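In: quick one, fold the following:
(chains A and B)
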Amino acid sequence: MTTTLATFLVVHVLTGVLGIGLHNVTLMHILKKTPDYASIMRLAWSAFVMYLISWGTSAYYYVTYYGTSVKPRILAGNAPFAHNFFMETKEHIFLVLPFVALSIALSVTYLKNNPDDELRKKTAFLTLVAFVIGVAVAASGIFVSGSI
Amino acid sequence: MTFYELLVVVHIIGTVLGVGAATFAEIYYARFNSDDILSDDERKTLTITFTVLRIGLFILVVSGFGFLLYMRLTEYVEPLSSPTFWAKMTVVGVLVTNALLLQIRKIPLAVGAAVSLTGWYTALILGIIGKTSASYLELLLYFAIATILVGFVLEFIRNSLHGPRQIT
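Out: From the prediction side, this is the model:
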């Protein structure tokens, strides 16, 4: 693996974990009785940026390295389902995450100027969904890494 | 200092902050709530303690993923398939879920406190022992039993400090 690819992999993982963490904090703040939407907005937009960076770096790693150098080793090893199920699921679900993160950021931005309890609850639910997807994707990534 | 040693140090700092804050959160809450009233100063002390706990959890998770990257880049991935590792990941997941459920008041404080305290100590112990002959399900069963026992002990301590009516 080249230094560039290793750097991209590191950035992919760390920005992904930060995105999950930021959504966790976003959720905690949205659930408060009197949410501070200015702070929540910063958190939600930061999560979106983190997922975009994670998305871009992983795309480059996946297209230029994973398919030719990692995937064949996993398929030939003891746990081919790590690719066939976990990576296939992870890569498709992960496509959705930046768009979910963008929707959360836009909702919170709207809520800052137009407080609405129903929208607050639905945004909280969407953030929970994004958080759960993020955790599932991260766990799949660990499983795939452990199957090489 | 190598990168691996740096990761170990950061991971231990996260664990110390988390386990320490979880312990003192319990001690402070039991002590402060013994008169059923939380003063502003007591609330501020608890808020600071919970902030330290969250910082510890954040450091623990980020350094944990640092280990993952280190193992991936050096191709030493054997620990990633061990039952201890996955039990530890599950316990950290339980800690985060527990914090969320406490935030939206979907579980009683007494239950949340027992899960939090036991979860932090379980993560610490699993991190220390590393390899074990126990399976993933056995480790989670021990965690569940320990949580119930800790719940009873905490209840006893609170009742001793205050009387049987104080936990809501």
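
In: kindly report the residues of chain B close to chain A.
Out: B:58, B:61-62, B:65-66, B:68-69, B:71-73, B:75, B:77, B:80-81, B:89, B:93, B:96, B:99-100, B:103-104 (CB under 8 Å from any CB of the partner chain). Bear in mind the C-beta positions are built from the backbone N, C-alpha and C, glycine included.

In: biggest helix in chain B by residues?
Out: helix B:40-74 (DSSP state H).

In: what comes up buried for that helix?
Out: B:42, B:45-46, B:49, B:52-54, B:56-69, B:71-72 (16 or more other CB atoms under 10 Å in any protein chain shown).

In: other SSEs contacting the next helix or strand after it?
Out: Under the assignment DSSP states H and E, the closest C-terminal helix or strand after helix B:40-74 is helix B:83-103. Identification of packing neighbours for helix B:83-103 by 3 or more CB pairs under 8 Å, 6 or more residues apart in numbering or on different chains; DSSP states H and E yields helix A:3-30, helix A:117-145, helix B:40-74, helix B:109-129, helix B:136-162.

In: buried set for helix B:83-103?
Out: So helix B:83-103, judged by 16+ other CB under 10 Å, has buried residues B:83-92, B:94-100, B:102.

In: swap in stretch B:108-126?
Out: B:112-126.

In: please tell me how far the closest residue to residue B:148 other than its chain neighbours sits from chain A.
Out: Once flanking residues are discounted, residue B:148 sits nearest to residue B:114: 7.7 Å by CB to CB, 6 or more residues apart in numbering or on different chains. The gap separating residue B:114 from chain A is 21 Å, by CB to the nearest CB, to the nearest Å.

In: middle-most residue in chain B, spatially?
Out: In chain B, the residue lying closest to the centroid (CA atoms, centre = their mean) is residue B:120, at 2.2 Å.

In: list the contacts for it?
Out: B:18-19, B:22-23, B:95 (CB atoms under 8 Å, 6 or more residues apart in numbering or on different chains).

In: make JSON lines from those and add distance to residue A:128, pLDDT and secondary structure to it.
Out: Listed next are the contacts of residue B:120 as JSON lines, based on distance: CB to CB, whole Å; pLDDT from 0 to 100; DSSP: H, G, I helix; E, B strand; the rest coil:
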{"residue": "B:18", "distance to residue A:128": "23", "pLDDT": "92", "secondary structure": "helix"}
{"residue": "B:19", "distance to residue A:128": "27", "pLDDT": "94", "secondary structure": "helix"}
{"residue": "B:22", "distance to residue A:128": "24", "pLDDT": "91", "secondary structure": "helix"}
{"residue": "B:23", "distance to residue A:128": "29", "pLDDT": "93", "secondary structure": "helix"}
{"residue": "B:95", "distance to residue A:128": "16", "pLDDT": "89", "secondary structure": "helix"}
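
In: closest one of those to residue B:156?
Out: Within the contacts of residue B:120, the smallest distance to residue B:156 is 16.7 Å, found for residue B:23 (CB to CB).

In: from residue A:44, how far out is the spatially closest residue to the closest one that is not a sequence neighbour?
Out: Residue nearest to residue B:23 in three dimensions, not counting chain neighbours: residue B:117, with 7.0 Å by CB to CB, 6+ apart. Using CB to CB, to the nearest Å, we find residue B:117 at a distance of 31 Å from residue A:44.

In: same deal with residue A:3?
Out: Distance from residue A:3 to residue A:44, counting by CB to CB: 33 Å.

In: ok, those two, which is more surrounded?
Out: residue A:44 (30 against 7; other CB atoms under 10 Å in any protein chain shown).

In: the more buried one and residue A:110 touch, don't they?
Out: No - Residue A:44 is beyond contact range of residue A:110, at 11.2 Å (criterion: CB atoms under 8 Å).

In: remind me which residues of the chain are low pLDDT?
Out: All of this refers to chain A. Scanning chain A for pLDDT under 70 picks out A:148.

In: look at chain B instead
Out: For chain B, the ranges with pLDDT under 70 are B:163-168.

In: what is the longest helix of chain B packed up against?
Out: Helices and strands touching helix B:40-74, as assessed by 3+ CB pairs under 8 Å, 6+ apart, comprise helix A:3-30, helix A:117-145, helix B:3-32, helix B:83-103.

In: among those helices, which is nearest residue A:53?
Out: Shortest distance between residue A:53 and the helices and strands packed on helix B:40-74, using CB to CB, is found for helix A:3-30: 4.4 Å.

In: so which bits of the closest one are buried?
Out: A:5, A:8-30.

In: show me the contact partners of stretch B:70-80.
Out: Around stretch B:70-80, the neighbours that count as contacts under CB under 8 Å, 6+ apart are A:1, A:6, A:9-10, A:142-143, A:145-148, B:3-4, B:7, B:68, B:85, B:130.
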